[in-house]
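**Student:** Only the shape, not the letters, is given here:
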């Protein structure tokens, strides 16, 4: 008898072929040598010689430092270094405690999966990051979404949820990764206070960019005492790796006991902890870079308002500027034209964003020159595929 059951590799190949035929195949590729309008390195820390040197010196001063954590934080991975760093982070972010996770994805996954329990309600903005979505799917709480930044829709859902037993949680991003717009955090805090809900804020794209020393949008608005948990990631504006959940001490102790993405993984290696430490110390002296970043954002927005008056942009004053180019082919072609002109620029295609909302995601950095920004605007103007 001939076995006609397809093999697993054949099944995988068919799924990839279907995605290729639909023009949705994802691939990794290097773009070395292009002018960076793609990365999340908003302040340029990842390429900062002084940060590299301070990390090198810190490492040289600790010759006994191991290259790896050699275990989870609950086993061999706990050190005086990570203890001291978490205390430093808690102070930096104006809160009681901090708990380091291996990545922002791990932090959101662990937080969202273990905090809301069966009988609770979790309300999430419809545009929250995939890591928060994945974490919420692991939760036993009742889940619902509200329209993006829509306070009326959220209020209606909060009113309904508050009539049921259990705690209500609301999850948002302070700066949204695919639109670049800001959450109305003060209004969200007011709503959560009114209905007794706890607010969870992903500060991934606000860390380093907003606040007196780059502490994020929550601190910039002096709302740190009204938010239960904040997730700060270190692989974007800080140019290193890792993340931390910050908040009250009881939250830290809870996560140590119930966040599976913290409990069941080898901890970050000590050299990564030193990099996090030194990057935060550099933030304390980075006001000039932040000012330059926001000046360049304003220059870009002014330029496109004049040169691309017919274009549709997301409502963003953050480093993330998104030009809507409907259709995967049109968005891909526009990005390719920019790349051929020497710019690292990427298209965001459906289904990552809704059909008709395909876009170019343009990241402005402190190190982008005015001449580079002006040239990029001319390239975008010449394609006219956004019309």
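**Tutor:** Yep, that arrived. None of these values were measured; they are calculated from a predicted model.

**Student:** Strands of the stretch 151-300 of the chain, start to end?
**Tutor:** 168-173, 198-202, 229-233, 243-247 (DSSP state E, counting those that start in this stretch).

**Student:** out of those, which comes closest to residue 301?
**Tutor:** Checking those against residue 301 by C-beta to C-beta gives strand 168-173 as the closest, at 20.5 Å. Where C-beta positions appear, they are placed from N, C-alpha and C, glycine not excepted.

**Student:** Just send the strands of the stretch 151-300 of the chain back as a markdown table, with distance to residue 358 and mean neighbour count too.
**Tutor:** A markdown table is the format used below for those (distance: least, C-beta to C-beta, whole Å; neighbours: other C-beta atoms under 10 Å):
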| stretch | distance to residue 358 | mean neighbour count |
| --- | --- | --- |
| strand 168-173 | 20 | 26 |
| strand 198-202 | 24 | 26 |
| strand 229-233 | 26 | 28 |
| strand 243-247 | 29 | 26 |
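
**Student:** Could I get these in JSON lines, plus columns for distance to residue 182 and mean pLDDT?
**Tutor:** Formatted as JSON lines, these follow (distance: least, C-beta to C-beta, whole Å; pLDDT from 0 to 100):
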{"stretch": "strand 168-173", "distance to residue 182": "9", "mean pLDDT": "99"}
{"stretch": "strand 198-202", "distance to residue 182": "11", "mean pLDDT": "99"}
{"stretch": "strand 229-233", "distance to residue 182": "15", "mean pLDDT": "99"}
{"stretch": "strand 243-247", "distance to residue 182": "19", "mean pLDDT": "99"}
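
**Student:** So for residue 302, which of the ones you listed sits nearest?
**Tutor:** So among those, strand 168-173 is nearest, using C-beta to C-beta, at 25.8 Å.

**Student:** just how off-centre is the closest one within its chain?
**Tutor:** 15 Å (C-alpha atoms, centre = their mean, to the nearest Å).

**Student:** What pairs with it, parallel or antiparallel?
**Tutor:** Sheet partners assigned to strand 168-173 using DSSP bridges are listed as strand 121-125 (parallel), strand 198-202 (parallel).

**Student:** Pull the distance from the first one to the chain's centre.
**Tutor:** For strand 121-125, the distance between its averaged C-alpha position and the chain's averaged C-alpha position is 18 Å (C-alpha atoms, centre = their mean).

**Student:** Residues contacting stretch 131-140, please?
**Tutor:** 104-105, 107-118, 122, 124, 143, 171, 173, 202 (C-beta atoms under 8 Å, 6 or more residues apart in numbering).

**Student:** can you redo the strands paired with strand 168-173 as CSV with distance to residue 342?
**Tutor:** Listed next are the strands paired with strand 168-173 as CSV, based on distance: least, C-beta to C-beta, whole Å:
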stretch, distance to residue 342
strand 121-125, 36
strand 198-202, 33
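
**Student:** and of these, who's closest to residue 30?
**Tutor:** Closest among these, using C-beta to C-beta: strand 198-202, at 28.1 Å.

**Student:** Format the strands of the stretch 151-300 of the chain as a markdown table; extra columns: distance to residue 183.
**Tutor:** Listed next are these as a markdown table, based on distance: least, C-beta to C-beta, whole Å:
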| stretch | distance to residue 183 |
| --- | --- |
| strand 168-173 | 5 |
| strand 198-202 | 7 |
| strand 229-233 | 12 |
| strand 243-247 | 17 |
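
**Student:** All set, thanks.
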